[in-house]
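[1] got a predicted structure here, sequence first:
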Amino acid sequence: MSHKRVSDEIVTKFLINTCRLRPRLSKHIVEAVIWCGKLATVHPGDDAEVDLILLITGSVAEFYIEPMLPLVGDIDMMFHRSDELAIPRGHPPPTQLPDEFSNNVKVCEIVDSHLPGYVYLELRYLLSDCTENGKFSNFEYCHGLWLSNINHHTGDGSDELNIHGPALLTDYSNTTLLSIDKVPCIRCLSWPPQAADWPTRHRNYDWPDSATVDRVVSNGCDLVGKTHPLYRQDEWMSKHQFRLSFSRAEIVLLNSWMPVQQIVYHMLRVFVKTERFTDSGNNSEPCALSNYHIKTLMLWACELKSSSFWIIDLNLIRICVKLLHTLSVWLKDGRCPNYFVNNCNLIDNSFDVEMVSNQLMSIDQAWLSTWFLNSYMQTCFSLCPDNLSTLFHNVSTNTNLQSAVSAVVDWRLNSALKDTWFGLQLVEITIALVISHRSLTVQSCNYLMTEVRKMYSLLTVYFTAAVFLHVAYKIPRISFTNELMDVLSTLAGHSIRTHCRPSQCSSELSLSKATKLMKVIANSSHSTMQLIEIELSKAYLYRALRCKDSDSDFIYCLANIYLAVLYYTTGHYQMAIDHCTLVMRSQDYSQCSSHVVQGELLPKIDDDIDSVLGLSVFYQYVRTAALN
């Protein structure tokens, strides 16, 4: 067996066996989730009706492997305002939106530019006044109002931001925390016509499969404020051009890759970043290739190559060399085709493509395997305990090298449980700190609860307990505010719309929230959570009675009747009688017949009582129908 072949096998064995499936409790995921939870409490411009909607992107979201060399250099996230939305040109304005959106939403139409993948946004509609059935009405703007692509400060109170292209960078490089790249965007819920060919194009090897394609398309896309490099000096286009972003699609696609494909992607990224292709060029020149070029190369390779390319006679070095040569051909031809948008070229004239192309084409398996042995693996060995890292000092023979690799692989496998334990401790401490130092909102509570469940389902119990303790601490100091009540309702698993019309922020809305909880209570068995839901329902009903419009007859009657029901359920019979008495003493309670008690909210008491109640309702119905 040749020395080259042995080296390839050693590198392949090392990477395959040291790349673990990343635990959901990794430090990077915990940091990303907590940062997003923090930003979810922000109201841009101090507008309480507007939220920031967060999405974790980049390496944290795309990789499910955990090699020895860190995949994550910073935390990438995108955010859009809850009062902005984009739709394809010619599409009618939506009548319904997800609950995360505000009650007043500015809708822009996506207008094509002469550059594939780059568009403009024309302000066209204002969605407003959500009706009782959850539908929006719309009002048209005058034509010719174009959205600016200029970044706005998030108002999150973080350290000073540096602007890098469309991203807002918060630099924590001098601390143990990862830096944060936040990219403001405009959300589009539809798959854009500019990429209409992608879902239906012919694929020889069934990747991505139809289910993955459907999932990608259903996620829509985003638009980020970025001008094409050729037009950065143009006065108008530099301020109004947007680029289509398919980050949501890429997260789904990369997570559908085989582990070997993710490992190859990692290897190529490390190689390009480390070498920067500056050996024969000016070191002051910027890196010629970006992660996005490598990602695009991998996306096309996964679609155009059969599974045998990746798994038959597995040799990671061979795969990397072939892909680097493909990239070399692209550069020589001056084209790097966007994976989603036809005729969109990711190569521009900002670097010497011919020089980089020649460098890539000159790479062979022997050179690349030596590079990974001397650069990548040496760095990995330095991260091991001293008794293992010293093994790399004496690897003059293949036998010694293989022994050293086997020792590191064993250590890596045996340390997995300890790393998970450290991750669990980190997330517990971090959750407690975030809850105690930030004012939780319905938005942030929903987000954190969802992400904590993804990390480790049992952690939701810890999160729930921490939030309850936080609310209990807050109540004596700031009273049981509307926001705290809504947070507890969210925590109990009952959806509370983040935004409401001014006309809905009233006794009627509080009554509606109480009845939703009561419906759950009536169908659940006795438990601690049921008692909490009962007390929360009471709080909403008392809030309804305290609202300025609570003098409405039906609100007064229904709220007191439901309070009587809840007190009866918990055995407080005198309180139940007192609230019934308040209704009976009301002068106009007989006029409330248009708003009747909902039977499904009443707890089951006794079969005979249920029969009597049923007969009385039936009698009232017959009497009303007969006497009109």
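    Structure's in. What do you need?
[2] how about residue 87, what does it touch?
    By CB atoms under 8 Å, 6 or more residues apart in numbering, residue 87 lies in contact with 93-94, 107-110, 188-190. The way it works is simple: take the backbone N, C-alpha and C, and place the C-beta from them, glycine included.
[3] which ones among these lie within strands?
    107-110, 188 (DSSP state E).
[4] using a markdown table, please lay out those together with distance to residue 482.
    A markdown table is the format used below for the ones in strands among the contacts of residue 87 (distance: CB to CB, whole Å):
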| residue | distance to residue 482 |
| --- | --- |
| 107 | 29 |
| 108 | 32 |
| 109 | 36 |
| 110 | 37 |
| 188 | 32 |
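[5] burial count for the spatially closest residue to residue 547 that is not a sequence neighbour?
    Nearest residue to residue 547, sequence neighbours excluded (CB to CB, 6 or more residues apart in numbering): residue 507, at 3.7 Å. Using other CB atoms under 10 Å, residue 507 is surrounded by 24 other residues.
[6] over to residue 344?
    Around residue 344 there are 18 residues (other CB under 10 Å).
[7] isn't it right up against residue 119?
    No - counting by CB atoms under 8 Å, residue 344 stays clear of residue 119, with 11.5 Å between them.
[8] picking that back up, show me just the buried residues among the contacts of residue 87.
    Buried members of the contacts of residue 87, scored by 16 or more other CB atoms under 10 Å, are 93-94, 107-110, 188.
[9] make TSV from the residues you listed and add pLDDT to it.
    Converted to TSV, the buried ones among the contacts of residue 87 look like this (pLDDT from 0 to 100):
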residue	pLDDT
93	91
94	91
107	95
108	96
109	96
110	96
188	97
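[10] in JSON lines, list those along with distance to residue 219.
    Output for those, formatted as JSON lines (distance: CB to CB, whole Å):
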{"residue": "93", "distance to residue 219": "20"}
{"residue": "94", "distance to residue 219": "16"}
{"residue": "107", "distance to residue 219": "19"}
{"residue": "108", "distance to residue 219": "19"}
{"residue": "109", "distance to residue 219": "20"}
{"residue": "110", "distance to residue 219": "16"}
{"residue": "188", "distance to residue 219": "10"}
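[11] and these, which is closest to residue 334?
    Nearest to residue 334 among these is residue 110, at 27.9 Å by CB to CB.
[12] wait, what's in contact with the closest one?
    86-89, 119-121, 188, 192, 194, 223.
[13] next one: residue 372
    11, 267, 317.
[14] element containing the last one, please.
    Put plainly, it is residue 317. helix 316-333 (DSSP states H and E).
[15] pLDDT of stretch 426-434, averaged?
    In this model, stretch 426-434 has an average pLDDT of 82.
[16] swap in stretch 520-530?
    On average, stretch 520-530 scores 79.
[17] buried residues in it, which are they?
    Buried residues in stretch 520-530 (16+ other CB under 10 Å): 520-522, 529-530.
[18] which one of the residues you listed sits closest to residue 142?
    The nearest one, if we look at the buried residues of stretch 520-530 relative to residue 142 and count by CB to CB, is residue 520, at 47.2 Å.
[19] once you drop chain neighbours, what's closest to that closest one?
    residue 533 (6.1 Å).
[20] ok, back up a step: ok, so of the ones in strands among the contacts of residue 87, who is nearest residue 624?
    Nearest to residue 624 among the ones in strands among the contacts of residue 87 is residue 107, at 45.4 Å by CB to CB.
[21] next up, the contacts around that closest one.
    85-87, 93-94, 123-127, 138.
[22] if we go to 7 Å?
    85, 87, 93, 124-125, 127 (CB atoms under 7 Å, 6 or more residues apart in numbering).
[23] next one: residue 303
    Neighbouring residues of residue 303 by CB under 7 Å, 6+ apart: 203, 207.
[24] sec struct for it, please.
    helix (DSSP: H, G, I helix; E, B strand; the rest coil).
[25] re the thing from before, okay if I get the contacts of residue 372 as JSON lines plus neighbour count?
    Shown next, in JSON lines, are the contacts of residue 372 (neighbours: other CB atoms under 10 Å):
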{"residue": "11", "neighbour count": "25"}
{"residue": "267", "neighbour count": "24"}
{"residue": "317", "neighbour count": "26"}
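[26] for those, point out the one with the lowest pLDDT.
    Lowest pLDDT among the contacts of residue 372: residue 11, 92.
[27] give me phi/psi at it?
    Backbone torsions for residue 11, taken as degrees, to the nearest 10, come to phi -60, psi -40.
[28] from residue 361, how far off is the closest residue in space to it that isn't next to it in sequence?
    Using CB to CB, 6+ apart and skipping residues adjacent in sequence, the residue nearest residue 11 is residue 372, 4.7 Å away. Taking CB to CB, to the nearest Å as the criterion, residue 372 is separated from residue 361 by 19 Å.
[29] also residue 211?
    Distance from residue 211 to residue 361, by CB to CB: 38 Å.
[30] just say helix, strand or coil for residue 375.
    Per three-state DSSP, residue 375 ends up helix.
[31] count the residues that sit near the closest residue to it other than its chain neighbours.
    Distances taken as CB to CB, 6+ apart put residue 274 closest to residue 375, at 6.4 Å, once the chain neighbours are dropped. Residue 274 has 12 neighbours, counted by other CB under 10 Å.
[32] name the residues that touch stretch 539-546?
    480, 485, 507, 510-511, 513-514, 550, 555-556, 559, 562-563.
[33] which of these sits closest to residue 575?
    Among the contacts of stretch 539-546, and counting by CB to CB, the member closest to residue 575 is residue 563, at 7.8 Å.
[34] what helix or strand is the closest one on?
    In this structure, residue 563 is located in helix 553-569 according to DSSP H and E.
[35] relative to helix 553-569, how tilted is the helix or strand just after that helix?
    Using DSSP H and E, the helix or strand that follows helix 553-569 in sequence is helix 573-585. Between helix 573-585 and helix 553-569, the angle comes out at 160 degrees (axes from the mean of the first three to the mean of the last three CA atoms, to 10 degrees).
[36] residues making contact with helix 573-585?
    Here helix 573-585 makes contact (CB under 7 Å, 6+ apart) with 557, 560-561, 563-564, 567-568, 589.
[37] so residue 85 is in which element?
    Using DSSP H and E, residue 85 sits within strand 84-88.
[38] what are the buried residues along that strand?
    Here strand 84-88 shows 84-88 as buried, counting by 16+ other CB under 10 Å.
[39] tell me the mean pLDDT for it?
    Strand 84-88 shows a mean pLDDT of 96.
[40] strands of this structure, residue ranges please.
    Along the chain, counting by DSSP E, strands occupy 20-21, 52-57, 65-66, 74-81, 84-88, 105-112, 118-128, 137-140, 161-164, 167-170, 179-188, 221-224, 242-245.
[41] wait, residue 467 sits on residue 435?
    Yes - in this structure, residue 467 is within contact of residue 435 by CB atoms under 7 Å, at 6.0 Å.
[42] okay but the residue nearest to residue 375 is in contact with residue 374, surely?
    No - Residue 274 is beyond contact range of residue 374, at 11.3 Å (criterion: CB under 7 Å).
[43] returning to what we had before: can you pick the most crowded of the contacts of stretch 539-546?
    When neighbours are counted by other CB under 10 Å, residue 559 leads the contacts of stretch 539-546 with 28 neighbours.
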